[in-house]
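>>> got a sequence here, can you model it:
(4 chains)
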Number of protein chains: 4
Amino acid sequence: MRRICIILTTRGNYAKMRSVIDHVLADSELELQLVIGGGALLHKYGDIAKSLRDQGIDVHRKVHFLIEGETPITMAKSAGMAVSEFSTIFDNLNPDIVVVIADRFECLPMAMAAAYMNIPIAHVEGGEVSGSIDESIRHAITKLAHIHFPATREAAHRIKMLGENPETIFPVGATSIDVIARLDLDNLEGVNALQTKAGVGPVSDLQKPYLVVIQHPVTTEYADNLHYINETIAAIERLHMNTIWIWPNMDAGSDLISKGLRMFREQKNPQYIHFFKGLPIEHYAPLLKNAACLVGNSSSGIRESAYLGVPVVNIGSRQQGRVRGRNVVDVPYDRLEIEKAVYRQVEHGPYPQDPLYGDGSAGKRIVEVLKTFCFTLQKRISY
Amino acid sequence: MRRICIILTTRGNYAKMRSVIDHVLADSELELQLVIGGGALLHKYGDIAKSLRDQGIDVHRKVHFLIEGETPITMAKSAGMAVSEFSTIFDNLNPDIVVVIADRFECLPMAMAAAYMNIPIAHVEGGEVSGSIDESIRHAITKLAHIHFPATREAAHRIKMLGENPETIFPVGATSIDVIARLDLDNLEGVNALQTKAGVGPVSDLQKPYLVVIQHPVTTEYADNLHYINETIAAIERLHMNTIWIWPNMDAGSDLISKGLRMFREQKNPQYIHFFKGLPIEHYAPLLKNAACLVGNSSSGIRESAYLGVPVVNIGSRQQGRVRGRNVVDVPYDRLEIEKAVYRQVEHGPYPQDPLYGDGSAGKRIVEVLKTFCFTLQKRISY
Amino acid sequence: MRRICIILTTRGNYAKMRSVIDHVLADSELELQLVIGGGALLHKYGDIAKSLRDQGIDVHRKVHFLIEGETPITMAKSAGMAVSEFSTIFDNLNPDIVVVIADRFECLPMAMAAAYMNIPIAHVEGGEVSGSIDESIRHAITKLAHIHFPATREAAHRIKMLGENPETIFPVGATSIDVIARLDLDNLEGVNALQTKAGVGPVSDLQKPYLVVIQHPVTTEYADNLHYINETIAAIERLHMNTIWIWPNMDAGSDLISKGLRMFREQKNPQYIHFFKGLPIEHYAPLLKNAACLVGNSSSGIRESAYLGVPVVNIGSRQQGRVRGRNVVDVPYDRLEIEKAVYRQVEHGPYPQDPLYGDGSAGKRIVEVLKTFCFTLQKRISY
Amino acid sequence: MRRICIILTTRGNYAKMRSVIDHVLADSELELQLVIGGGALLHKYGDIAKSLRDQGIDVHRKVHFLIEGETPITMAKSAGMAVSEFSTIFDNLNPDIVVVIADRFECLPMAMAAAYMNIPIAHVEGGEVSGSIDESIRHAITKLAHIHFPATREAAHRIKMLGENPETIFPVGATSIDVIARLDLDNLEGVNALQTKAGVGPVSDLQKPYLVVIQHPVTTEYADNLHYINETIAAIERLHMNTIWIWPNMDAGSDLISKGLRMFREQKNPQYIHFFKGLPIEHYAPLLKNAACLVGNSSSGIRESAYLGVPVVNIGSRQQGRVRGRNVVDVPYDRLEIEKAVYRQVEHGPYPQDPLYGDGSAGKRIVEVLKTFCFTLQKRISY
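Below is the predicted model of the structure:
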């Protein structure tokens, strides 16, 4: 019986791994070891421990490693703490495989701890070209990982180019599409109910055309994040459409973005915007599907939006280098450009579905491979 | 004035970086920030802080991160501590460039801390194909580094294949050759004097043909290290030649190797072997140059030995994948094979010098580049 | 020249140490080593680094050790990180004396690091009997400290009873009184100006009688904090007077208190309350001096309020065992009792000044002692 | 069913807690949670995990927190790591009581982690007056602990003087006496067999009069430890009796003591001394019982020796302030004084048994109390 250790450190991780978790749980020959930690434990980013409990899923360990401060030094210190904490967890749980997801700053520590402890690593969403430090982290994880589950054919090719053995690379599509594929995407009742209970600001009427805005910090351009958010705020102010605004993640720079948003709210008290700290995917996906346009720099603007056919205005460098569907328009950090692009996308309306990032079967295929794959711990560059 | 931060964590690092340190110190437009830590601070691996002081070189920070135990879990925990400690040091010293050397377990933490703090990373000795976890570490560092100083053309090619921008890759040769190139390699008086003062066992007569043995642990084959060392011990016992045996490094598994050596010494009390904990390069290089054969799995059997033309018997997987000169014979962990190969190499005698791993100018060339290179923090895979 | 290391981890620390800092800076034979860290670095608790810079005071080190979560496990983990970080700082700064203030959870780590590194420890505000884990922390620090500056004669006696050498005990009064003694306590313009710029809620008219409320978590009764704050909220709601409410500190349980306050604000939107995250002492002291009553469990209700003669309603166990002036009425966590007591205190009006906790010269006397005291590192219980 | 968490960090701890462990295991209403860590995991100090396994006792967690270096900074850093690691363990095991033993540097971190996590602490061997930093640590732990098991009436009195509630103080005798009381103390066969298998140096003939030497570092006099050990070495050299020498513990300064001993061994190769890294109590107690004299600064010279009636020469400040039986002679660090005192003690021969430190029932009494004691988490000084 293989022990599969899955570590969720954000609400996004949870959404991404849900189909994998379900398939592991459904398989009597696999044992799930679920660890939640970091941002996934913080009330301010949404409590996923509760969500899991509500669905009857056991959490095997909780792990705290975030050092307060949200600056580059605290990010580095948090990473060090993460290495140490994950080491203890791997020592306690003794997993056969550790699943590392994508490119967050705590993912390289996970991979490092597992590699140093001779535990095979499965990497989900490797091979992508993004912007910011995330790209370096992602490729460094690839060089430590023993098996790869990229989301696209293009990413799979890049992993091969990085010298990984082709027999360890399985392009399965994005797991996040799996979750969306099971949802009733035209039902907005859940989001409407949430608006009255969570977040701040008036309830937006989602029968009318509305925008969704998500702008995360760009960590390599730390000091500019206040400027960046202010350009977006200015554009949204001029557009003055119904808007659902989702709070940034906790990367370095999020304090500046939060500051910009707080000042905006306190000074302008915008009646057309409802702010959420975060949204579970079952609410986020229908919200996105029916949006007139998604604005910002979230990766969901590249991936999920392709499957959903939603018009997207992607701002700045954060999603640089990721393959895009036709539904995405890129703009710089400039209020006028943002405004014009959103205007055009709202005019255009929905795009056709694009399977570029997956067709809804990624989780199933990942678990099939994890169950039987014969790992070679000793990696060797394959040129 | 650029601040160049160089971190030495082993005596080997010090040897490797000596010419770089000298060239940085000699340049009035560069400021050296020297950090020593880990094994380089431990008496049992040789005290390099004293060596540096004796040469009038300031140490800016000492850093302790090794957690006792020498098992995979303590290696991982030590790595976590290293990330945290290096973060503090980078925050205090505010370097313009951090120089990361090769592939030890503490090097990925250094690179991670620097990358997360937006400090440019120069990687020395990237692109090599070794064995054990070191290879994964080395390539992961490459994916975080901003500029690369590989030791060979072959390594430079591999770094390019890993998707690094060719304009950031400078094949300068191995820095360790620089140090050797300045030494009087036929003078064995230093080693002889040391034999009477340091290490254990009788003084070997270096006028007669002698062997040098260095066998480090293979971390990915942790539990086998006792078996491995016992094969080597058996071969050396049968050869019964004058031998200088140098103690293993502190990677996971070194406890097993130490155990094997201690049992051998206590039970057999071999009168033809002198054991050293470690040797400074000024003693090690002449010792190697004049050896009848180097036996074991030290990287010096691949690199320095090419320049020195010394016959080498390389055992097992640790140096797998590194380009070799004609002077190297590879054997498995088998006492008879080891014995036969040593016998043949002693018969053969010295080989001609081979510039495969450098010609003695690596340090000078590295410092020229560090002084003027224009760094781009935002890395992007270059396919 | 003695190096005096002072560590500020909260805004309150800064207020308390201001006169000590000023006297150290004014003395040419002493060198100040100022470290700020923990909550003192977090925007959400008020940025004191900036306050210091504005006054031309250098900060020698910043130290991050708070792990996000605000639960008992993260408090313990933060304490561990604090020990490690303070060790590095003491190693770098090499102080002659470390000054440890009072009883916060990070103070025992400071004292432990200093004691283990053979650095003399001066403890300010030892010997007090409070409630919660703080009391244990405080006395444990006393047993590690080499010299003691209690705020009251009663506290000095208790330190002596704890087996400390009487020659190391100097009852100097509370340093926080020093700062207040220098202020223009009848000037409320500063607070009024702040109300328009900081905090949330309408501007309170401070010409009318007003309450000040501060309720911190009780860490040993972690789960009850939500209940506790709700009782206070209910009382304040019924009193319906002008109120300035100051946010709790970051001890375990503060998340529950924050939750209670947020729910109250969102559901009731009280127009008679202005909320501040924190207030610098130059605004807090006049605010307190002119308040109709201070409500809650802040230590300022016991100490500063004695000097200021302000009526206080102290709730629950947090200040248990501290000597009180006549101006304090104690009540349990009960909305009716709180309401009644506040009502009576408002009726009563101001009390006469009481020097119970100091007369304004504590900082001067502390620095005189630090300058010349001859420390004995080897402590011995003195019975 | 109460969960009792016992943490062993040295071989000495194991000896001390053996009777407590046995009584907890024997009680069906108690659950033992056994943690071993630090020095107890290191080969060089003797492997107690194996000893426990051999007796069928489960180890619930292993914990590594010792940072290599053996200097004050690494002791402080190790303490920080210990706080963090013990926090994780307490969070995982969720004990009802944590048992903290005596005064080692890692014991205050244990107590701190437990106190901050609201877990009741039982302190064994509080209230003693020793020398060095240990005394401060011991009393600081007392101020965090909720129940106390001192070894002597004198120590119990001191704990009461420290302001602890008399109802929480139980003078039960030293647990280490329990173990001894069950042994066949005249059987030296075990030690003799060990001499041929473990340690270095020739086998001592224990039929002849012999000395036992144990000298630990004095941490507050760090730099003097080399001098101290050299005085003892010189005295032993002149006495030239059969000697069993036991290696020092790992406190700061042990590197200097080890250095002194290594130099002595290499230069003089003393044929009358057998060196052990450590000895299990079943061998150590008979060895001690039959010794002509115990020399050094081990606490066993004060405690166990009283019960055994063995002549002791106690050197220097390390055991200062502990109550002594008539069998102890104190001397300074002076080779002549040491020599003379040993000579006289050997002349004198065995002393009568003294119950000063216990009668062999401590473990039984401790477990009876732990089983039923009603803890009050909120401590309050009791003056």
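>>> pull the number of nearby residues for the closest residue to A:R104 other than its chain neighbours.
If the residues on either side of it in the chain are set aside, A:R104 comes closest to A:T9, at 6.5 Å by C-beta to C-beta, 6 or more residues apart in numbering or on different chains. The C-beta positions use only the backbone N, C-alpha and C, and glycine is treated the same way. If you count neighbours by other C-beta atoms under 10 Å in any protein chain shown, A:T9 ends up with 27.
>>> same deal with the one 10 residues further on?
For A:S19, the neighbour count with other C-beta under 10 Å is 25.
>>> strands of the stretch 151-300 of chain A, start to end?
In the stretch 151-300 of chain A, the strands defined using DSSP state E, counting those that start in this stretch lie at A:210-214, A:242-246, A:273-276, A:293-296.
>>> tell me the strands beside the first one, with direction?
When pairs are called by DSSP bridges, strand A:210-214 turns out to pair with strand A:242-246 (parallel), strand A:293-296 (parallel).
>>> Throw the ones you listed into CSV and include mean neighbour count and mean pLDDT, thanks.
Formatted as CSV, the strands paired with strand A:210-214 follow (neighbours: other C-beta atoms under 10 Å in any protein chain shown; pLDDT from 0 to 100):
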stretch, mean neighbour count, mean pLDDT
strand A:242-246, 23, 96
strand A:293-296, 28, 98
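>>> tabulate those strands (TSV), appending distance to A:K371.
Putting the strands paired with strand A:210-214 into TSV (distance: least, C-beta to C-beta, whole Å) gives the following:
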stretch	distance to A:K371
strand A:242-246	36
strand A:293-296	36
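>>> roughly how far does the closest residue to A:A102 other than its chain neighbours sit from B:D184?
Spatial nearest neighbour of A:A102, excluding adjacent residues (C-beta to C-beta, 6+ apart): A:E125 at 4.2 Å. Counting by C-beta to C-beta, to the nearest Å, the separation of A:E125 from B:D184 is 56 Å.
>>> give me the distance between the residue lying closest to A:P166 once chain neighbours are set aside and B:G321.
Nearest non-adjacent residue to A:P166, counting by C-beta to C-beta, 6+ apart: A:K160, 5.4 Å away. Distance, A:K160 to B:G321, by C-beta to C-beta: 19 Å.
>>> tell me the SS of the closest residue to A:H227 other than its chain neighbours?
Computed as C-beta to C-beta, 6+ apart, the closest residue to A:H227 that is not its neighbour in sequence is A:Y333, at 6.9 Å. Secondary structure state of A:Y333, per DSSP: H, G, I helix; E, B strand; the rest coil, is coil.
>>> might one say that A:Y333 is in contact with A:E231?
Yes: using C-beta atoms under 8 Å, A:Y333 is in contact with A:E231, at 4.9 Å.
>>> list residues touching both of the two?
Common contacts of A:Y333 and A:E231, defined by C-beta atoms under 8 Å, 6 or more residues apart in numbering or on different chains, comprise A:I315.
>>> where does chain A have low pLDDT?
Residue ranges of chain A with pLDDT under 70: A:44-46, A:131, A:383.
>>> quick check: domain ranges of it?
A:2-172+A:361-372, A:189-357 (automatic domain parsing).
>>> can you tell me which of those is packed in deepest?
A comparison of these by mean neighbour count, using mean count of other C-beta atoms under 10 Å in any protein chain shown, puts domain A:2-172+A:361-372 on top with a mean of 22.
>>> and the closest residue to A:A155 other than its chain neighbours, what is it in contact with?
Closest residue in space to A:A155, ignoring its immediate chain neighbours: A:G127 at 3.3 Å, by C-beta to C-beta, 6+ apart. Contact analysis of A:G127 by C-beta under 8 Å, 6+ apart lists A:138, A:142, A:148, A:150, A:152, A:154-159, A:162.
>>> ok, A:G260 next?
By C-beta under 8 Å, 6+ apart, A:G260 lies in contact with A:225-226, A:229-230, A:233.
>>> same check on A:S258?
Applying C-beta under 8 Å, 6+ apart, the residues contacting A:S258 are A:247-248.
>>> gap between it and A:H216?
Taking C-beta to C-beta, one finds A:S258 at 11 Å from A:H216.
>>> shared neighbours of those two, anything?
Counting by C-beta under 8 Å, 6+ apart, the residues touching both A:S258 and A:H216 are A:P248.
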